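*Asks:* Sharing a model prediction with you, sequence too.
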Amino acid sequence: MTQETVGFAALGIHPNVLAAIVAVGYEEPSPIQAQSIPLILEGHDMIGQA
């Protein structure tokens, strides 16, 4: 199974939140963040386990 890396900017995060993420030094989301953030932004409820 191949996993493609997705940056926080590609997840549709609000620019202010994205700036804060970058300011604290995060560069790439974890796999569970990459999968869950788009669902949450669409308004879905979610429970995840990493």
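*Replies:* Arrived safely, thanks for sending.

*Asks:* Figure out the helix or strand that Glu27 lives in.
*Replies:* Glu27 is located outside every helix and strand, with elements delineated by DSSP states H and E.

*Asks:* pLDDT wise, what is it at?
*Replies:* With respect to pLDDT, Glu27 scores 91.

*Asks:* From Gln35, how far off is it?
*Replies:* In this structure, Glu27 and Gln35 are 18 Å apart, going by C-beta to C-beta, to the nearest Å. The C-beta positions use only the backbone N, C-alpha and C, and glycine is treated the same way.

*Asks:* of these two, who's got more company?
*Replies:* Shown here are Glu27 and Gln35; by other C-beta atoms under 10 Å, Gln35 has more neighbours (15 against 9).

*Asks:* That one: helix or strand, and which one exactly?
*Replies:* Here Gln35 is assigned to helix 31-41, by DSSP H and E.

*Asks:* For that helix, what is the distance to the chain centroid?
*Replies:* 5 Å (C-alpha atoms, centre = their mean, to the nearest Å).

*Asks:* Name the residues that touch it?
*Replies:* Residues outside helix 31-41 that contact it (C-beta atoms under 8 Å, 6 or more residues apart in numbering) are 3, 6, 11-13, 29, 46, 48-50.

*Asks:* Just the buried residues of it, please?
*Replies:* 33-34, 36-37 (16 or more other C-beta atoms under 10 Å).

*Asks:* export those residues to TSV and tack on distance to Ile21 and pLDDT?
*Replies:* Converted to TSV, the buried residues of helix 31-41 look like this (distance: C-beta to C-beta, whole Å; pLDDT from 0 to 100):
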residue	distance to Ile21	pLDDT
Gln33	10	94
Ala34	13	94
Ser36	15	94
Ile37	11	95
